[in-house]
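Colleague: Have a look; sequence and predicted model below, questions after that.
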There are 2 protein chains.
Amino acid sequence: MNTKQTTARRGRPPKIARNNQDTKAELLRSGLELLTKQGFSSSGIDSILKKVGVPKGSFYHYFDSKEAFGREVIDSYAKYFEKKLDTHLLNNANKPLDRLASYVNDAKERMAHYQFERGCLIGNLEQEVTLLPTNYRAQLINVFINWQNKIATCLQEAQEIGDICPSANCCELAELFWIGWEGAVSRARLVQSTTPLTLFFEHYLKNIKLTN
Amino acid sequence: MNTKQTTARRGRPPKIARNNQDTKAELLRSGLELLTKQGFSSSGIDSILKKVGVPKGSFYHYFDSKEAFGREVIDSYAKYFEKKLDTHLLNNANKPLDRLASYVNDAKERMAHYQFERGCLIGNLEQEVTLLPTNYRAQLINVFINWQNKIATCLQEAQEIGDICPSANCCELAELFWIGWEGAVSRARLVQSTTPLTLFFEHYLKNIKLTN
DNA sequence: TATTTATTAGACGATCGGTCTATAATAAAA
DNA sequence: TTTTATTATAGACCGATCGTCTAATAAATA
């Protein structure tokens, strides 16, 4: 990749050198990292800025408020995550249920890689929803609906090739996946081990095959 | 009960009148309420005090620090909750799986009663465990182990009367219950409805009957 | 009455989210 | 070229709130 970009940027240049291709994107990335660790309410703007070496003034140039910032972080995470889901769930090289397993394994590796310090942004915010700006609630629900639909489609394909019972309600099972998965992610962070994730998914798989 | 107590209390009397039989117990109760809503990190001591009408100085008379306070809140919640679990799970008037269902219904009613503002204290803290004093982690894990054992015993009784498959691993299934349940509680708070709880438990029941 | 103990009262510094003005460098306009 | 507008960084500042600590007060005790 060519990281060097010759397009001169307008505006006052930063005091301390930083690869300032896109300050806004860096703030979002840093914010995402912190929010996946700590949630929204406990994440101060200063901590987000410190990691990127950006002064506070810049933050309020790019974002109207912390609330607006949070909205964008959720959006960018949702987009990133949908892409990730697609790479697994739409991979025709694997059978539908193996695609799901592929996602699960990927997630397990990532959690272990970050020493179980990071969880799921949406899961974190879900739990502190009473503390969040009111309009976050609908946004979070929508993200879950999208994820759920992707799983449901995958399960339906599994149903078509006879890997799960024809009478199973794939939408319900998809909802059930995310409910249990978020619980398992949370538990994995507590015990600092992937076993809750493994345990949950093993049973989930077994059960959707038997269901109804 | 006789709430009137004539024993004169030592020390400086409160400026504003309050039924100060046991200030410490009141602080714990108020803390529990707030931590169940907001978790630990976002709960300010001032808010806990304001609800009970106690000045800040009293807090640090009864507790060494917020950390020590949190430990006691967890302890008292764990005790309260174990008692609650026992009243359902040891109720011989019902069959084992009906006892579990009885707990689930109770929890659903309570969540609805509080308009889904309160969740599970342990579930809340579990998710913010990286922000908590380090020794909380082991404490939380222990609480889950206790809860899990109670469910496991109940499942084993169901197994003995043939309501679930003889080859099922009751300990694993009990762990699975809490993993999924916490996920369902979290989702219920998000969508402000008991349907996630119902959905989870319906499938859980169905699956432990079929398992293996 | 003098001392000890229990409890309340409120000061304290650090940090929070958010706003503000000043500064700097470029692009566009003249 | 010179001027102006635009973009962006810099960081002081504000009121609110965080957890902690010290001083003050009154009852119990000796």
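Modeller: Alright, I've got the coordinates.
Colleague: in the helix or strand hosting A:Asp106, what's buried?
Modeller: According to DSSP states H and E, A:Asp106 maps onto helix A:96-113. By 16 or more other C-beta atoms under 10 Å in any protein chain shown, the buried positions in helix A:96-113 come out as A:96-97, A:99-104, A:107-108, A:111. C-beta coordinates here come from the backbone N, C-alpha and C atoms, glycine included.
Colleague: do the helix or strand following that helix and chain B meet?
Modeller: Once the chain leaves helix A:96-113, the next helix or strand it forms, by DSSP H and E, is helix A:121-127. Yes: using C-beta under 8 Å from any C-beta of the partner chain, helix A:121-127 reaches chain B at A:123-124, A:126-127.
Colleague: Ok, stretch A:70-82 next?
Modeller: No: against chain B, stretch A:70-82 shows no contacts by C-beta under 8 Å from any C-beta, the least distance being 13.1 Å.
Colleague: Using CSV, list the CA coordinates for that stretch.
Modeller: Output of stretch A:70-82 as CSV, limited to C-alpha atoms (Å, rounded to 0.1, in the frame of the first residue of the first chain):
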residue,chain,number,x,y,z
GLY,A,70,-20.4,8.1,19.7
ARG,A,71,-23.0,7.8,17.0
GLU,A,72,-20.2,7.8,14.4
VAL,A,73,-18.2,5.3,16.3
ILE,A,74,-21.2,3.0,16.4
ASP,A,75,-21.8,3.5,12.7
SER,A,76,-18.2,2.8,11.7
TYR,A,77,-18.1,-0.3,13.9
ALA,A,78,-21.3,-1.6,12.5
LYS,A,79,-20.0,-1.2,9.0
TYR,A,80,-16.7,-2.8,9.8
PHE,A,81,-18.5,-5.7,11.5
GLU,A,82,-21.0,-6.3,8.8
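Colleague: gap between the helix holding A:Asp106 and the chain center?
Modeller: 13 Å (C-alpha atoms, centre = their mean, to the nearest Å).
Colleague: Find the residue closest to A:Phe200 in space, skipping its chain neighbours.
Modeller: Excluding the flanking residues, the one nearest A:Phe200 by C-beta to C-beta, 6 or more residues apart in numbering or on different chains is A:Ala184, at 4.0 Å.
Colleague: touching chain B at all, the helix holding A:Asp106?
Modeller: No: using C-beta under 8 Å from any C-beta, helix A:96-113 never reaches chain B; the gap is at least 12.4 Å.
Colleague: elements contacting that helix?
Modeller: Applying 3 or more C-beta pairs under 8 Å, 6 or more residues apart in numbering or on different chains; DSSP states H and E, one finds that helix A:96-113 contacts helix A:66-89, helix A:136-160, helix A:170-191, helix A:195-210.
Colleague: tilt between the second one and helix A:66-89?
Modeller: Right, helix A:136-160. Put simply, helix A:136-160 runs at 10 degrees to helix A:66-89, going by axes from the mean of the first three to the mean of the last three C-alpha atoms, to 10 degrees.
Colleague: Look through chain A and state the residue closest to chain B.
Modeller: Nearest to chain B in chain A, going by C-beta to the nearest C-beta, is A:Gly183, at a distance of 2.6 Å.
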